[in-house]
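Engineer: Pasted the sequence and its predicted model underneath.
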Amino acid sequence: MQIIWLGHGSFRFEIADEVILVDPWLSGNPMLPDERRAEALDGATQILLTHGHFDHTDDVVSIARETGLPVSGMFELTSVLKAQGVTVGHAFNKGGTAMFGDVAVSMVPASHSSSMMVDGKVQYTGSEVGYVIRGDGHCIYFSGDTTIMADMAWIGEYYAPTVGILSAGGYYTMDMEMAGWAAKKYFDFTTVIPMHYRTFGALEQDAEVLAAELPGVRVIEPQVLEPITL
C-alpha cells in the first residue's frame, strides 16, 4: 500500500487493486504544482469525498468529466454532483460500507460542516464524514475535517485502525495538540500522518507538537507526491 499526499486534505491511496483519490483538490491547491496534476491523477480508479467545501471539491466535476472516474460519498453531496454531470459510484451514508474492488471503505462521523457553491448560492451537501479504509492487510482511519468528538471512541474500538490520517492544522479543524490528545485517548495507532495543515498561514506549519504528544508512535510529516509505503 502507498499513501501519497497531494497537499492540504487531498490524498491518493494505492491499495489492493484500486487507486483512490480522496478529496482531490488539485487546481488552485497551493501545495501541488500545476505541472504535477497529471501525476496525481495517473491510474486513478475512484474519487471519494468527505464533504462539500471548496478545498475538497472544487476540482471534482472537472476531474470526473475529464477522466470518467466515479465519485462516491455522502448521499446528498453525490446527488448535487450528479446534477452537474458526474458519474456516481457509491452514494452511501454513515454506518455504510462500500466495496471498491478489494478495498472496504466504511463511512464514519466527523464534526465539521458541509456545503458548496452551486450557481452562486450556498447549497447543503449532507453531513461531513470520515472513512475507515481497509485493504492490503491494513486498517486506516481517515478523519476528514473534524474536531475531537466522542464518536472517536467507538471508531477506535470497533475498527481498531493502526494508521491515523488526522486533520491537525487548527482554525478549521483540530490542531496538533488536539489531534495528539485524540490519538492517545481513543486509538492505538502505530502510524499517524497529519493533514489539512501547511497550506495557509492560519494553519499549523509543522507536526512537532503532534510528535511530542505521541511518543512511540511513528509520526510522518508527508511531502507532496512522495509515497509513504506501509
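Structural biologist: Cool, the structure landed. Numbering: from 1, shown residues only.

Engineer: Any idea what residue 130 is bridged to?
Structural biologist: Using DSSP bridges, the bridge partners assigned to residue 130 are residue 108.

Engineer: and it, what is it in contact with?
Structural biologist: With contacts defined as C-beta atoms under 8 Å, 6 or more residues apart in numbering, residue 130 is in contact with 50, 107-110, 141-144, 146, 155. Backbone N, C-alpha and C define where each C-beta goes, glycine included.

Engineer: mind checking how far it is from residue 146?
Structural biologist: Using C-beta to C-beta, to the nearest Å, we find residue 130 at a distance of 6 Å from residue 146.

Engineer: Show me the contact partners of the lengthiest helix in the chain.
Structural biologist: Longest helix in the chain, counting residues (DSSP state H): helix 176-186. With contacts defined as C-beta under 8 Å, 6+ apart, helix 176-186 is touched by 147-148, 152-153, 155-156, 164, 166-168, 170, 174, 189, 192, 194, 197, 204, 207-210, 212-214, 217.

Engineer: try stretch 192-209
Structural biologist: Residues outside stretch 192-209 that contact it (C-beta under 8 Å, 6+ apart): 3, 5, 7-9, 11, 29-31, 55, 145, 163-173, 175-177, 179-180, 183, 210, 214, 217-222, 228.

Engineer: Whichever of those end up buried, select them in PyMOL.
Structural biologist: Selecting just the buried residues from the contacts of stretch 192-209 in PyMOL takes one command, with 16 or more other C-beta atoms under 10 Å as the test:
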select buried, resi 3+5+7+8+9+11+29+31+55+145+163+164+165+166+167+168+169+170+172+173+175+176+179+180+183+210+214+217+219+220+222+228
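
Engineer: how far away is residue 120 from residue 85?
Structural biologist: Going from residue 120 to residue 85 by C-beta to C-beta gives 18 Å.

Engineer: Check residue 212 too.
Structural biologist: For residue 212, the distance to residue 85 - C-beta to C-beta - is 47 Å.

Engineer: And residue 157, by the same measure?
Structural biologist: Taking C-beta to C-beta as the measure, residue 157 and residue 85 are separated by 41 Å.

Engineer: cool, residue 73 as well?
Structural biologist: Distance of residue 73 to residue 85, given as C-beta to C-beta: 16 Å.

Engineer: just to revisit the earlier point, residue 212 and residue 85: who's more crowded?
Structural biologist: Under the criterion of other C-beta atoms under 10 Å, the comparison of residue 212 against residue 85 puts residue 212 first, with 12 against 9.

Engineer: Tell me the pLDDT of the more buried one.
Structural biologist: Here, the pLDDT recorded for residue 212 equals 98.

Engineer: Which of the three states applies to it?
Structural biologist: Three-state assignment for residue 212 (DSSP: H, G, I helix; E, B strand; the rest coil): helix.
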